[in-house]
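Asker: Model the following, please.
(chains A and B)
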Protein chains: 2
Amino acid sequence: MIGRKNKVLIICNFTFSYNYNKRMKKIIIASTSTLHGGKYLEYILPTLKEHFKNCKTILFIPYARPGGITHDEYTEKAKEAFAQIGINVKGLHEYENVPKAIANAEGIFTGGGNTFLLVTQLYKTNAIVAIQEAVKNGTPYLGTSAGSNICGLTMETTNDMPIIYPPSFKTLGLIPFNINPHYLDPMPDSKHMGETRETRIKEFHKFNTQPVLGLREGSWLEVLGDKITLRGELQARLFRQGKEAEEIKTGADLSGLK
Amino acid sequence: MIGRKNKVLIICNFTFSYNYNKRMKKIIIASTSTLHGGKYLEYILPTLKEHFKNCKTILFIPYARPGGITHDEYTEKAKEAFAQIGINVKGLHEYENVPKAIANAEGIFTGGGNTFLLVTQLYKTNAIVAIQEAVKNGTPYLGTSAGSNICGLTMETTNDMPIIYPPSFKTLGLIPFNINPHYLDPMPDSKHMGETRETRIKEFHKFNTQPVLGLREGSWLEVLGDKITLRGELQARLFRQGKEAEEIKTGADLSGLK
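Answerer: Numbers count the residues shown, from 1 in each chain, chains lettered A, B, ... in the order given. As a prediction, this is how the structure comes out:
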């Protein structure tokens, strides 16, 4: 009997180590930073408190510069939001050695804005590989909008205007598919002849094979190790090459998607 | 008196030569191919009849492949529309030597679709310089949507999804500014947090200097030599770096814009 008890204890210990392993990926990929009528990050703050619970300070990547605001202005905005859950924020632009700053970060948050600008700057500062390494090693990551786009295999399903030419459209590949943030359903009464989001993503699939997850505003993906789960109140819309688009329920396990 | 009459005749003759000079640029840059509820090119056919009046056959560039349709399917669509005004259409993909086909064309029409795909293919086939030369030498050109986007200095104000990585964002530069086709006014009651078109173009101007003309659906630019005129029934919206956006009336002379 004593031998059996010991065995059970060993198993419990193993489970505990797995959940808190520093090397487990821990990512939140959010469609948007802000819900209509809400404040910056407000809707997701309780989740972020848990996500970054081991962080005193997180590193903010302000490169996407929404509306062209400065790195300082953007970092200030992130600082104000995170102050509400007792977490400090430092901007990546404050560091001379970008890869080192990323490697030393307790947590990382990449804000939204223009994905072309973000990716250009990430390549220019050699941040891409540094973020991949840090996340693989368990540094918790949060992306919103453009910061979520870059978690996919490529930025080729962004909605942004190509205001600058990046060295590549390849992105972090933290998940094995692409994201379309701010996913917008077609408006049945629209007289505008520009393409709907669904048409655009179907066009993407004429030339590319990876699935695309359309994340509606208020939805996010939670990545824990290899497990990917849809969170938030809404459904997401999944597009796969050669298949009909389908609705994915919140709470769904998307780990097998690739 | 006889001497004076001769002088008048000479002046008339000069005017005639100027209008029909083969080397004069002759371009139509249309926001869209199709108006809501209308057929392909229907609204602009009378204008095209005049524009291509010296052409028996025009060369169609189907590279933008809207919805991923094939080059053949797309060329068939253009053929059907131009048949109504007695003009034949050949697809550029039917020729082995692309630059030569462009140089020999009586008229050129680049259809809409995905600008990233169009520009990638134009570079791959060495069509860019060939089109620039042909248009400079007076070959009449028509662009709709993506085919209009490429008339500007860069494709950096396209609305399209970056489904493929082009070798450059630089485009034909047939006019000294950029185009935003399918220009869409902000919807005041929208709860969607994605950027409005105006926000995106303002973001573009944080990093780029050239003006951007937002062409609403049903508007087009007529370029005759150095003269650029707004045509169609609607106003256009002009964005310039560091200035308030302004409305431009139809019939306005935009020749000085750069």
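Asker: Test for you: state the pLDDT assigned to the residue nearest to residue A:174 when sequence neighbours are not counted.
Answerer: Using Cβ to Cβ, 6 or more residues apart in numbering or on different chains and skipping residues adjacent in sequence, the residue nearest residue A:174 is residue A:151, 4.5 Å away. No exception for glycine: its C-beta is placed from N, CA and C like everyone else's. According to the prediction, residue A:151 has pLDDT 98.
Asker: Give me the three-state assignment for residue A:151.
Answerer: coil (DSSP: H, G, I helix; E, B strand; the rest coil).
Asker: How many residues are close by it?
Answerer: 25 (other Cβ atoms under 10 Å in any protein chain shown).
Asker: ditto for residue A:96
Answerer: 6.
Asker: How is it assigned, secondary-structure-wise?
Answerer: Under three-state DSSP, residue A:96 comes out as coil.
Asker: my guess is the residue nearest to residue A:174 meets residue A:178, correct?
Answerer: No: if you go by Cβ atoms under 8 Å, residue A:151 and residue A:178 don't touch, sitting 9.2 Å apart.
Asker: Enumerate every residue touching residue A:81.
Answerer: A:39, A:40, A:41, A:42, A:45 (Cβ atoms under 8 Å, 6 or more residues apart in numbering or on different chains).
Asker: Could you tell me whether it really is in a helix?
Answerer: Yes: Residue A:81: assigned to a helix according to three-state DSSP.
Asker: separation between it and residue A:48?
Answerer: Distance of residue A:81 to residue A:48, given as Cβ to Cβ, to the nearest Å: 9 Å.
Asker: and if you look at residue A:105?
Answerer: 15 Å.
Asker: just the helices in chain A please.
Answerer: A:2-19, A:45-51, A:71-83, A:98-104, A:115-124, A:127-136, A:146-149, A:197-204 (DSSP state H).
Asker: list the helices and strands the shortest one packs on?
Answerer: Meaning helix A:146-149. strand A:108-110, helix A:115-124 (3 or more Cβ pairs under 8 Å, 6 or more residues apart in numbering or on different chains; DSSP states H and E).
Asker: out of these, deepest packed?
Answerer: Mean neighbours per residue, mean count of other Cβ atoms under 10 Å in any protein chain shown, is largest over those for strand A:108-110, with a mean of 28.
Asker: Surely residue A:71 and residue A:65 touch.
Answerer: Yes: under the criterion of Cβ under 8 Å, residue A:71 makes contact with residue A:65 at 7.1 Å.
Asker: Those two: which is more packed in?
Answerer: Shown here are residue A:71 and residue A:65; by other Cβ under 10 Å, residue A:65 has more neighbours (22 against 17).
Asker: Quick check, pLDDT for that one.
Answerer: For residue A:65, the model assigns a pLDDT of 96.
Asker: Next, work out how far apart it and residue A:118 are.
Answerer: Distance, residue A:65 to residue A:118, by Cβ to Cβ: 8 Å.
Asker: Run through the residues of the stretch 101-250 of chain A sitting next to chain B.
Answerer: A:114, A:116-117, A:155-165, A:168-169, A:182, A:184, A:191-195, A:199-208, A:217 (Cβ under 8 Å from any Cβ of the partner chain).
Asker: re the thing from before, and among the helices of chain A, the most buried is which?
Answerer: The most buried one of the helices of chain A (mean count of other Cβ under 10 Å) is helix A:146-149, showing a mean of 29.
Asker: Tell me which residues are up against that one.
Answerer: Surrounding helix A:146-149, the residues in contact under the criterion Cβ under 8 Å, 6+ apart are A:29-31, A:61, A:64, A:109-115, A:118, A:143, A:155, A:157-158, A:160, A:171, A:179, A:181, A:215, A:220.
Asker: Would you mind writing the CA trace of that helix as PDB?
Answerer: Provided in PDB are the C-alpha atoms of helix A:146-149 (Å, rounded to 0.1, in the frame of the first residue of the first chain):
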ATOM      1  CA  ALA A 146      -2.300  43.500 -36.100                       C
ATOM      2  CA  GLY A 147      -0.500  42.000 -33.100                       C
ATOM      3  CA  SER A 148      -2.800  38.900 -33.600                       C
ATOM      4  CA  ASN A 149      -2.400  38.800 -37.400                       C
END
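Asker: Report the distance from that helix to the chain centre.
Answerer: 5 Å (Cα atoms, centre = their mean, to the nearest Å).
Asker: Next one: the nearest residue to residue A:235 once chain neighbours are set aside from residue B:82, what distance?
Answerer: The shortest distance from residue A:235 to any non-neighbouring residue, by Cβ to Cβ, 6+ apart, is to residue A:247 (4.7 Å). Residue A:247 sits 42 Å away from residue B:82, going by Cβ to Cβ.
Asker: One more: residue A:232?
Answerer: Residue A:232 is 50 Å from residue B:82, by Cβ to Cβ.
Asker: so what's residue A:79 up against?
Answerer: Contacts of residue A:79 by Cβ under 8 Å, 6+ apart are A:60, A:88, A:89.
Asker: change it to 10 Å
Answerer: Contacts here follow Cβ atoms under 10 Å, 6 or more residues apart in numbering or on different chains; on that basis residue A:79 touches A:60, A:87, A:88, A:89, A:90, A:91.
Asker: got it, and residue A:139?
Answerer: With Cβ under 10 Å, 6+ apart, residue A:139 has these contacts: A:22, A:25-27, A:55, A:58-59, A:102-108, A:131, A:133.
Asker: 6 Å instead?
Answerer: Residues near residue A:139 by Cβ atoms under 6 Å, 6 or more residues apart in numbering or on different chains: A:105, A:108.
Asker: Residue of the stretch 51-200 of chain A nearest chain B, please.
Answerer: Using Cβ to the nearest Cβ, the closest approach of the stretch 51-200 of chain A to chain B is made by residue A:68 at 3.0 Å.
Asker: In terms of pLDDT, where does that residue sit?
Answerer: Predicted confidence (pLDDT) for residue A:68: 92.
Asker: same thing with residue A:186?
Answerer: 81.
Asker: Hmm, residue A:191 is touching residue B:36, no?
Answerer: Yes: the criterion here is Cβ atoms under 6 Å, and residue A:191 meets it with residue B:36 at 4.0 Å.
Asker: isn't the residue nearest to residue A:174 right up against residue A:143?
Answerer: Yes: at 5.4 Å, residue A:151 counts as touching residue A:143 under the criterion of Cβ under 6 Å.
Asker: what stretches of chain A score poorly on pLDDT?
Answerer: Scanning chain A for pLDDT under 70 picks out the ranges A:1-22, A:192-194.
Asker: Figure out which of the helices and strands packed on helix A:146-149 is closest to residue B:138.
Answerer: Relative to residue B:138, the nearest member of these by Cβ to Cβ is helix A:115-124, separated by 36.0 Å.
Asker: Highest neighbour count among the contacts of residue A:79?
Answerer: Counting neighbours by other Cβ under 10 Å, residue A:60 leads these with 28 neighbours.
Asker: What's the local residue count around the residue of the stretch 151-258 of chain A found nearest chain B?
Answerer: Nearest to chain B, among the residues of the stretch 151-258 of chain A, is residue A:206, at 3.0 Å (Cβ to the nearest Cβ). Using other Cβ under 10 Å, residue A:206 has 16 neighbouring residues.
Asker: and it, backbone torsions?
Answerer: For residue A:206, the backbone dihedrals (degrees, to the nearest 10) come out as phi -70, psi -20.
Asker: just checking, it touches residue B:68?
Answerer: Yes: if you go by Cβ under 6 Å, residue A:206 and residue B:68 touch, sitting 3.0 Å apart.
Asker: give the contact list for the residue nearest to residue A:236 when sequence neighbours are not counted.
Answerer: In space, residue A:236 comes closest to residue A:248 once its chain neighbours are excluded; the distance is 4.6 Å by Cβ to Cβ, 6+ apart. By Cβ under 6 Å, 6+ apart, the contact list for residue A:248 reads A:230, A:235, A:236, A:238.
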